[in-house]
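Participant: Build me a structure from this.
(chains A, B and C)
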Amino acid sequence: MDFSTLNPVALIASLIMAATPILLAAIGELVVEKSGVLNLGVEGMMIIGAIAGFAISVETDSPWLGMLAAVLAGASLALIFGFLTQFLLSNQVATGLALTLFGLGLAALLGQSYSGMKPPSSLRLDIPVLSDLPIVGEMLFRHDFMVYFSLLIVVGVWFFLNRTRAGLVLRAVGENHNAAHSLGYNVVMIRMGAIAFGGACAGLGGAYVSLIRVPQWTEGMTAGAGWIALAIVVFASWKPWRVILGAYLFGGVTILQLNLQALGIGISAAYLSMTPYLITIIVMVIMSADRRRASLNAPASLGQIFHASH
Amino acid sequence: MLRLEPRQQASSTMRWLTPILAVAITMFMGGLLFAAMGKNPFEAIRIIFLDPFFHETFGPYSRSQLMVKAGPLILIATGLSIGFRAGVWNIGAEGQFVMGAIAGGAVGLALHPADGFWVLPLMTVVGAIGGMAWAMIPALLRIKFNTNEILVSLMLVYVAYNFLAAMVTGPLKNPDGFGFPESRSFTSVDSTHLPMIYEPLGMHAGVLVALGIVIAAYVMMERHLLGFQIRLTGESPRAAKFAGVNPAFIVAVCLGISGALAGMAGLFEVTGPAGKLTTNFPVGYGFTAIIVAFLGRLNPIGIVLAGLLMALTYIGGELAQLSLGIPAAAISVFQGMMLFFLLAVDVFVNYRLVWKKEVK
Amino acid sequence: MSETLLEIKGLSKSYPGVKANDNVSFTIQQGEIHALLGENGAGKSTLVKMIYGLVHPDEGDMVLHGKHYMPHKPSEARNLGVGMVFQHFSLFEALNVAENITLGMEHAPPRAELAVRIREVSNAYGLPLDPDRLIGDLSVGERQRVEIVRCLLQNPKLLIMDEPTSVLTPQEVDTLFLTLRKLSSEGVAILYISHKLDEIKTLCDHATVLRHGKVVDTCIPAEETARSMAEMMIGGELSMPTAREFTPGDTLLELNNLSLASLDPFGTSLTNVSLTLRAGEVMGVAGVAGNGQDELLLALSGERTTDSDMIKLKGVSLGGMGPTTRRALGLLAAPEERLGHAAAPDMSLTENAFLSARIRQKLEKSGFTLRNKRDDFTREIIEKFDVRTPGISNAARSLSGGNLQKFVIGREVLQQPTVLVVNQPTWGVDAAAAADIREALRTLAAEGAAVLVISQDLDELMEMSDTFAVLAEGRLSKPRSAVGLNVEEIGLMMGGNLEESANA
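Facilitator: Next up, the predicted model:
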């Protein structure tokens, strides 16, 4: 075994790439859950974002338009979920599952003719001066635009939730939708907004996979990333900055096991491939074990159906 | 302005009408989808829903596939529906399906080439135990640590896929298989070959077991205390605790039963239609069964019908692929839409639509 | 006489099956405290929701300050100087006081400024509040202050208060009244909803009486007696409770230093609760909501278990046993929340009867339901307790609150318990049904069972109980005879002053 081939600088850089799509999807879902809605369709919205972003990038030769398309596709799919759960009062768990199954099918259908293609070149953004620093430069400042943008979204979400009135209203709706309604807030429309934002972020995360991380289109390429994003929201106890921690931790595990596979350390690749999922389970167990704390952090109306009785 | 108004109690008419409505809307929207793909929508719908029964050349083969595909869907969905009614969301049936097949399959491979009527039943039992054991992981984590069973059971699907890959390239690899990643064939040895009962409809022994289980599930849910406790837990967890139901017990029972049935379905799949363990024998029955469970209204009898319908879309979809070049993915979209529309029209079970004037 | 502030002209509102308000008209003067009086279900809540813009009337009109007034949403009402304090608070437990107040304001000042204003206003009106505390950590009385201060910060002209005292101790009620009088003297009109007649007599200038959605009378409360107003509300003669005889029998239930940590992060834990309940005895447990009532019920029903010896039924330790075993031994319970705790909303009455009665009534055989026996028992409940329902297979939620409560109480009483524990047996139930329920519980005790009644309704407890205790912050006062107890004493006990009053 030769660990010297592992380059820590490259490892960190690829860790960030592995973490970014999950970070995007998770921060979107965090906002959705803060508003009291559980959308289990993240995987479906990501994969739709992946194909929409890929297809539009190939057709227009512009990764920017591709990203935009991914945002719109994710949000539109999310709005189907929103319409069903908020207006037709369907069960959120079942509808989220339906969204994932539908999204996977639709993406596969749309992606028929895009297998094996190359997308236009990525959106690399070397931050001037800083990117020339030794080691740190390559590790942190020579990434694509989306890496920085995803972190910016997290900061934005934190600011929105904790420092703005609109964010306060959103949290209030997630805490107690009946009280929010009796104060005159439009619970359904606020939630629709959150759901659309969640879909947009998931779509963007999916496009990151197909346009930058891989970059290619294959069926089912998100491989459970959406589900992991959901787990990371739990891990983060619904706190934005901890979503970064969770996503990067997951990215770290993924990259580590991939590199170990490449090294051929004598453990079957199949077993190593399990580790990200197993670690996710373990982390979720740790976070949910303290029931009192878990119930304090979770939005109190999460997953409950709201119907204004008057 | 249109408004939803709660009904005094759930409408029993709507309960059976909504799935039919959902299928009808799906056919219509599916037709639009096919039209958008440049195919003749009427022809496509006919090929999917009618040709499997009536087509002269393809009919016989299609009919023989009906039960083969419906069997595992019904078996898995019956188990899932029990959990769903208790609010226990096992969505990792696909993983339990795989693990059941591996566990039961391993027994068969270990005994190879043993002869005896008891081999297959033993494999079936071990398959069920394998699926159950895999489902007990989310069950125990939920009971002990309050961990969300939805996410854990789903994560374990990916773990199971990888475990399957490790098995068929490792311990369970066919020693005479020229290094292909697959196990020995189960169907080539009589003792491990799932017998076919009625060829024209594809009714193998597993389908028979599935139908028996459907009846048992119906009796349990409607007549037995355990079924009552499961339904009560789903309807109102606090009332269940008041009634003396132990929620941990219900979680374990629901995940245990659904895991066992999924595991059994996996074993039937590899000893019958698939014939051996390979990395691609799981074709997603575990996920499609979720649709079947809902479309069947979480009711064992409904699930039989929904399972047959869903099998039909698979088979019809293959025909449509052959004759019209409609890609297989279109069928997944079709199935996904069906669940969407069902959830959408479901609102009319508990609510009615009324027209209300706004006072200015 | 001062100027008219709000004129209500012929408001009507229908819901499926009910005419909640039928051509309601009355006026409110500036600075007056105006009572809206009526039984549960008389249409008071619907009416004030229309004034606050939460519900839109089918017909009718309102005039505020001489201008047409018809708010489409609460924010419009608030802008025009109409504020409302809800009966079930519109507060968010996981948010702090300042955040909660901001949410109810149209033009909220920045954080720091708001905190200062909250302190100022709350102190000025004798309702001190800390802006940074989480609502979940506040007592019920303090939560109400938050609601009131939220309204006051917006300089209301009309303040609507929906049953504000149902959650307060008598001392807190006095403080509230001082605040309301101060507001009234500053020219703020108050629309005060209640069915507590003594309060209205001491506080209100005018009263409008609603019955079945219609205005049936108006009066000046100071010139009426509680009895005469009650008769306006009910529309008939009020029957007074009969005197009771009580000779305690054998000890049936013993609680020995029962302690139980609450699972709800905002709940109250029980600490060293002890009592002895004897055959024939009805013991009333008073207390303001959120002082451990729910936990006490859960500990007795068996939904939460404790150390075995903490609970003894006829000498048998059963603190460690679950609901099923306790039922078999004769300890039964009826929780406060009818839908979702005592009964499953979407299940039929037969299944809800089976829910708690399967053991004592032997409604199953080796796990299989004995359907005929179950249906017969359901019919028995319906007949003996006069439950109005089209049939036994109707869903629990299709019943009205009073009928479902009769069903739930009847289900337990007819199982002939040794000890029955009930929490809020007549909450939200009309007067006739409430009287029936109390009667049934007294009869049960008279036949040799023991009944523990947990309630926030002091009048109810005074009427029913042989012995009396108060639950405050999870501790129970020493039970004492209900004879000769006065409201002042109970008030002190409810405020947490347990020892003194127990020794008195």
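
Participant: tell me which parts of the stretch 101-250 of chain B are close to chain C?
Facilitator: B:223-226, B:228, B:231-232, B:235-236, B:238-244, B:246 (C-beta under 8 Å from any C-beta of the partner chain). For every residue, glycine as well, the C-beta is placed using N, CA and C.

Participant: Over to the stretch 51-200 of chain A?
Facilitator: Proximity of the stretch 51-200 of chain A to chain C, by C-beta under 8 Å from any C-beta, involves residues A:165, A:168-169, A:171-172, A:175-176, A:178-180, A:182-185.

Participant: Any idea how many residues pack against C:G136?
Facilitator: 18 (other C-beta atoms under 10 Å in any protein chain shown).

Participant: For it, which phi and psi angles does the backbone take?
Facilitator: When read as degrees, to the nearest 10, the backbone of C:G136 gives phi -60, psi -30.

Participant: Give me the pLDDT for it.
Facilitator: Here, the pLDDT recorded for C:G136 equals 82.

Participant: Are we agreed that A:E29 is in a strand?
Facilitator: No. The assignment for A:E29, made by DSSP: H, G, I helix; E, B strand; the rest coil, is helix rather than a strand.

Participant: Would you mind confirming that it is in contact with A:G199?
Facilitator: No. A:E29 is beyond contact range of A:G199, at 9.6 Å (criterion: C-beta atoms under 8 Å).

Participant: Just the strands from chain A, written as ranges.
Facilitator: For chain A, the strands defined by DSSP state E cover A:124-126, A:142-144.

Participant: Could you identify which of those has the lowest mean pLDDT?
Facilitator: Among these, strand A:124-126 carries the lowest mean pLDDT, at a mean of 61.

Participant: that older thread, anything in contact with each of A:E29 and A:G199?
Facilitator: A:N39 (C-beta atoms under 8 Å, 6 or more residues apart in numbering or on different chains).

Participant: Filter the residues of the stretch 101-250 of chain B next to chain C down to the buried ones.
Facilitator: Buried subset of these (neighbour count, 16 or more other C-beta atoms under 10 Å in any protein chain shown): B:224-226, B:228, B:231-232, B:235-236, B:238-244, B:246.

Participant: for the residues you listed, which one is nearest C:F266?
Facilitator: Proximity of those to C:F266 (C-beta to C-beta) peaks at B:R238, which lies at 16.7 Å.

Participant: Could you find the closest non-adjacent residue to that closest one?
Facilitator: Counting by C-beta to C-beta, 6 or more residues apart in numbering or on different chains, C:H341 is the residue found nearest to B:R238 once chain neighbours are left out, at 4.6 Å.

Participant: what do you get for A:V283?
Facilitator: Counting by C-beta to C-beta, 6+ apart, the residue nearest A:V283 is A:F235, at 5.2 Å.

Participant: tell me the secondary structure for B:N90?
Facilitator: Per three-state DSSP, B:N90 ends up coil.

Participant: What is the burial count for it?
Facilitator: Other residues close to B:N90 by other C-beta under 10 Å number 31.

Participant: now do the one 3 residues further on
Facilitator: Around B:A93 sit 35 other residues, with neighbours defined as other C-beta under 10 Å.

Participant: got it, and the one 5 residues further on?
Facilitator: Here the neighbour count serves as a burial measure; for B:V98 (other C-beta under 10 Å) it reads 33.

Participant: Check C:N123 too.
Facilitator: If you count neighbours by other C-beta under 10 Å, C:N123 ends up with 12.

Participant: and the helix or strand that contains B:L342, what does it pack onto?
Facilitator: Applying DSSP states H and E as the criterion places B:L342 in helix B:328-345. Helices and strands touching helix B:328-345, as assessed by 3 or more C-beta pairs under 8 Å, 6 or more residues apart in numbering or on different chains; DSSP states H and E, comprise helix A:92-110, helix B:12-36, helix B:285-295, helix B:300-324.
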